[in-house]
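**Q** Here is my input, please return the structure:
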Amino acid sequence: MASAKSSRSRPAGHSGVFPVGGAAAVGGGGGGGDGGVQLADKLKIFKTDNFDPDSYVQSKCQTMNEKEIRHLCSYLQDLKKASAEEMRKSVYANYAAFIRTSKEISDLEGELLSIRNLLNTQAALIHGLSEGVQIDSLTSGTEGSAEDDISNVEDQEPSEIQKWAADFPDMLDVLLAERRVDEALDALDEAERVAADAKRKQNLTTTEILALKRSVSDNRQRLADQLAEAACQSSTRGIELRAAASALKRLGDGPRAHSLLLSAHNQRLQCNMQTIHPSSTSYGGAYTAALAQQVFSIIAQALSDSVEVFGDESCYASELVTWATKQVMSFALLVKRHVLSSCAASGGLRAAAECVQISLGHCSLLEARGLSVSSVLLKQFKPSLEQALDANLRRIEESTSALAAADDWILTYPPSGIRPLTRSSAANLALQPKLSSSAHRFNSLVQDFFEDVAPLLSLQLGGSTMDGITQIFNSYVNLLISALPVSVDDDANLDGLGNKIVRMAETEEQQLALLANASLLAEELLPRAAMKLSSVNQSNMDDFRKKGTDKQSRVPEQREWKRKLQRMVDRLRDSFCRQHALELIFTDEGETHLSAEMYISMDNTVEEPEWVPSPIFQELYAKLNRMASIAAEMFVGRERFATLLMMRLTETVILWLSEDQAFWEEIEQGPRPLGPLGLQQFYLDMQFVIIFGQGRFLSRHVHQVILDIIDRAMAAFSATGMNPDSVLPGDDWFLDVAHEVISMISGRGRAANGDREVNSPTASVSAHSISSFRSHGST
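**A** Below you'll find the predicted structure:
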């Protein structure tokens with residue numbers, strides 16, 4: 001029958017299982033029982049253990065042409081489909097039997113496992129007996145009796161500890177399958193204790209102890225893997241996560257447990273951050289707040305979980321700090337990329353400060369719990385904030401320069417668009433600063449700037465802030481200097497101005513307004529604004545260290561900063577004084593009003609001169625008197641600055657005379673000596689300066705310089721062989737002439753009988769004092 005089937009299934013000229021009409025045979029094989037038998041016969045050759053596919057194909061295809069090979073491939077494909085269909089039908093037909101058989105196989109595996117454990121127990125028992133465990137009865141006797149004893153031991157019931165050790169693997173399998181972690185951990189601890197007791201008491205064989213230890217180790221690893229897998233699930237949070245980490249730590253894998261704990265929090269953080277986008281917020285503060293809430297809350301939760309599970313162990317604390325630092329670094333980079341970069345480019349210092357405050361506020365909550373990460377934020381934020389600081393300072397400088405081009409240099413109270421220093425009222429109006437428009441703008445911008453930068457002191461930006469204000473104030477002073485009609489320091493004044501246009505201050509009142517702007521800013525307004533930084537810096541100090549109202553209570557750095565500002569004002573004041581001194585000394589054509597020739601030539605005239613001070617000194621007093629009147633209204637409350645300004649102007653003129661080498665060379669060494677009339681005129685001029693300047697326009701230093709000048713002139717006259725005292729009139733004569741000219745210029749009538757007003761600038765000058773000058777000059 002088999003040979004018939006075989007011969008019927010062979011194609012002509014070939015041997016094998018293929019029928020002549022392969023496709024037809026396959027198609028008909030699925031229909032009836034004969035087809036099924038044919039299919040089974042056809043598959044027999046493939047079911048043999050020594051079936052070799054390569055040899056089979058070579059044997060069939062060795063003498064076949066291309067057409068027959070194609071036919072063979074097609075037949076094999078059909079056979080494959082028919083086999084699959086047969087298997088599908090067989091599975092459907094025997095599905096119930098398949099399920100039942102699978103269950104029986106599972107039960108059989110359990111029984112086989114029990115048999116294996118029993119055999120292991122028996123083998124361990126036999127091995128222990130062979131090593132001399134509990135074989136005291138075998139120390140004597142014949143071989144036959146020993147075999148009987150071993151047979152008796154094998155027939156004994158196992159002890160309770162042996163039964164527990166044999167049942168331990170199955171019991172632990174059940175606990176792990178049901179995820180009863182705590183009970184599994186207790187069972188593992190119990191197994192280790194049993195193994196230790198068994199080794200000490202020798203109630204288990206070495207093999208049994210080793211098998212128990214191996215089972216404990218394997219199941220510990222199995223439980224650890226199970227816990228690690230659970231911890232990595234995104235749905236595992238809170239109590240479950242801490243429980244898994246605690247169980248892993250109890251298993252002796254603390255580092256892995258801590259790493260998985262942090263990894264789970266990081267996974268949760270990344271998932272939450274996917275919902276936060278900078279484009280969905282109206283400004284950077286909202287984005288920063290939302291991002292900080294997610295990042296720092298996750299860090300705080302990780303800190304709580306770590307402390308609860310692992311305590312304060314240094315190794316875990318170090319890993320936590322490293323992980324938290326990494327998260328804060330990522331947060332800082334996101335804020336820097338999406339918020340601070342744009343703020344830095346546009347000079348949005350207030351928006352940048354708000355973002356930094358939000359971030360540092362969340363950092364402070366962590367610091368209260370012992371985790372300090374603010375230094376990471378400061379390191380990342382500081383460059384962007386410094387860039388925003390510089391951009392803001394440039395904006396102040398550019399805005400002030402733009403207003404200076406149209407400033408009329410008239411002092412007014414703050415306009416309505418600028419925030420006043422105090423509430424507007426009739427009583428407080430006098431407290432408001434009177435500045436020109438550009439100075440008001442400069443002050444307002446600086447006030448806002450200090451308010452914005454005050455919260456950023458923790459970034460150590462105080463020094464950069466003060467230096468920046470110093471630079472822009474220096475630029476503003478340069479603008480004020482360039483507003484003077486005649487700039488005597490063109491190179492210095494125009495340094496950094498570039499193409500900036502400044503409206504000229506043509507009148508003396510406008511020029512004094514320049515000084516009023518600079519002095520009020522440097523002495524009061526800017527230091528007052530800078531105190532906002534000091535108040536923030538001192539807010540956390542003890543009461544006894546709080547800032548007082550006295551200037552001496554200010555920090556040394558601020559006092560030094562104020563001195564820098566004052567030096568810049570002094571530069572403007574010196575430019576102002578040099579300009580007016582040059583206007584007095586020189587004409588528009590470059591000729592001088594103060595030369596040795598004007599004194600030497602007086603003795604060559606035949607007419608009696610009109611004894612009055614020289615025009616340059618009369619004009620000096622008129623200018624000082626006029627400016628003092630303007631300054632009295634302009635520098636209310638700052639009279640000292642006005643007095644020093646007038647003294648500086650007098651000093652500039654006198655020092656120029658004292659240091660003019662050409663003047664003194666002609667007086668002392670010229671071809672024509674200084675005559676009596678010239679000496680009298682020179683003495684009158686110097687006495688006139690002393691009399692009108694005493695107490696108002698003359699400092700002690702300049703007073704001494706004038707005395708030295710008089711000494712030098714009288715020494716030059718004495719060199720001709722004449723006595724100065726013999727040609728100079730009495731002291732009262734000089735007083736009368738000086739007072740008359742002073743009264744004429746100031747517009748006040750002279751007091752009768754030579755009596756002078758108590759408040760007159762010449763009231764302190766007496767005939768005795770002039771005599772002392774005379775006697776001093778004659779020595």
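
**Q** if I look at Glu740, how far off is Leu645?
**A** Glu740 sits 27 Å away from Leu645, going by C-beta to C-beta, to the nearest Å. For every residue, glycine as well, the C-beta is placed using N, CA and C.

**Q** actually Gln77, not the one I wrote
**A** Counting by C-beta to C-beta, the gap from Gln77 to Leu645 is 113 Å.

**Q** These two: which is more packed in?
**A** Leu645 (21 against 12; other C-beta atoms under 10 Å).

**Q** Okay, buried residues for the helix or strand hosting the more buried one please.
**A** Using DSSP states H and E, the element containing Leu645 is helix 639-659. For helix 639-659, the neighbour count (16 or more other C-beta atoms under 10 Å) marks 641-643, 645-654, 656-658 as buried.

**Q** looking only at pLDDT, what's the mean for that helix?
**A** When pLDDT is averaged over helix 639-659, the result is 93.

**Q** Point out the other helices and strands that that helix packs with.
**A** Here helix 639-659 touches helix 508-520, helix 556-585, helix 615-634, helix 676-693, helix 700-718, going by 3 or more C-beta pairs under 8 Å, 6 or more residues apart in numbering; DSSP states H and E.

**Q** let's go with 6 Å and repeat that
**A** Counting by 3 or more C-beta pairs under 6 Å, 6 or more residues apart in numbering; DSSP states H and E, the packing neighbours recorded for helix 639-659 are helix 556-585, helix 615-634, helix 700-718.

**Q** Make a markdown table from the ones you listed and add distance to Cys61 and mean neighbour count to it.
**A** Shown next, in a markdown table, are the helices and strands packed on helix 639-659 (distance: least, C-beta to C-beta, whole Å; neighbours: other C-beta atoms under 10 Å):
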| stretch | distance to Cys61 | mean neighbour count |
| --- | --- | --- |
| helix 556-585 | 99 | 17 |
| helix 615-634 | 118 | 18 |
| helix 700-718 | 125 | 17 |
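
**Q** would you turn the ones you listed into a markdown table with mean pLDDT?
**A** Shown next, in a markdown table, are the helices and strands packed on helix 639-659 (pLDDT from 0 to 100):
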| stretch | mean pLDDT |
| --- | --- |
| helix 556-585 | 91 |
| helix 615-634 | 93 |
| helix 700-718 | 93 |
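
**Q** Could you dump those into a markdown table and include distance to Gly370?
**A** Below are the helices and strands packed on helix 639-659 laid out as a markdown table (distance: least, C-beta to C-beta, whole Å):
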| stretch | distance to Gly370 |
| --- | --- |
| helix 556-585 | 33 |
| helix 615-634 | 59 |
| helix 700-718 | 63 |
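
**Q** Now do the buried residues in the host helix or strand of Gly110.
**A** Assessed by DSSP H and E, Gly110 sits inside helix 95-130. By neighbour count on 16+ other C-beta under 10 Å, the buried set for helix 95-130 is 117, 121, 124-125, 128-129.

**Q** list the helices and strands that helix packs on?
**A** Where contact means 3+ C-beta pairs under 6 Å, 6+ apart, helix 95-130 is packed against helix 206-231.

**Q** can we see that at 7 Å?
**A** helix 143-154, helix 160-177, helix 206-231 (3 or more C-beta pairs under 7 Å, 6 or more residues apart in numbering; DSSP states H and E).

**Q** re earlier: so which of the buried residues of helix 639-659 comes closest to Arg503?
**A** Arg503 lies nearest to Leu645 out of the buried residues of helix 639-659, by C-beta to C-beta, at 22.0 Å.

**Q** Looks like that closest one contacts Arg573 (just checking).
**A** Yes. Counting by C-beta atoms under 7 Å, a contact exists between Leu645 and Arg573, whose distance comes to 6.0 Å.

**Q** joint contacts of those two?
**A** Residues within reach of Leu645 and of Arg573 at once, by C-beta atoms under 7 Å, 6 or more residues apart in numbering, are Leu515.

**Q** Convert stretch 685-697 to PDB, retaining C-alpha atoms only.
**A** C-alpha atoms of stretch 685-697 as PDB (Å, rounded to 0.1, in the frame of the first residue of the first chain):
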ATOM      1  CA  ASP A 685      44.000 145.300  42.800                       C
ATOM      2  CA  MET A 686      45.100 142.600  45.300                       C
ATOM      3  CA  GLN A 687      43.600 144.500  48.200                       C
ATOM      4  CA  PHE A 688      40.400 144.800  46.300                       C
ATOM      5  CA  VAL A 689      40.200 141.000  45.800                       C
ATOM      6  CA  ILE A 690      40.900 140.400  49.500                       C
ATOM      7  CA  ILE A 691      38.300 142.900  50.600                       C
ATOM      8  CA  PHE A 692      35.400 141.700  48.300                       C
ATOM      9  CA  GLY A 693      36.300 138.100  48.700                       C
ATOM     10  CA  GLN A 694      36.800 137.900  52.400                       C
ATOM     11  CA  GLY A 695      34.300 135.300  53.800                       C
ATOM     12  CA  ARG A 696      32.400 134.800  50.500                       C
ATOM     13  CA  PHE A 697      34.600 134.300  47.500                       C
END
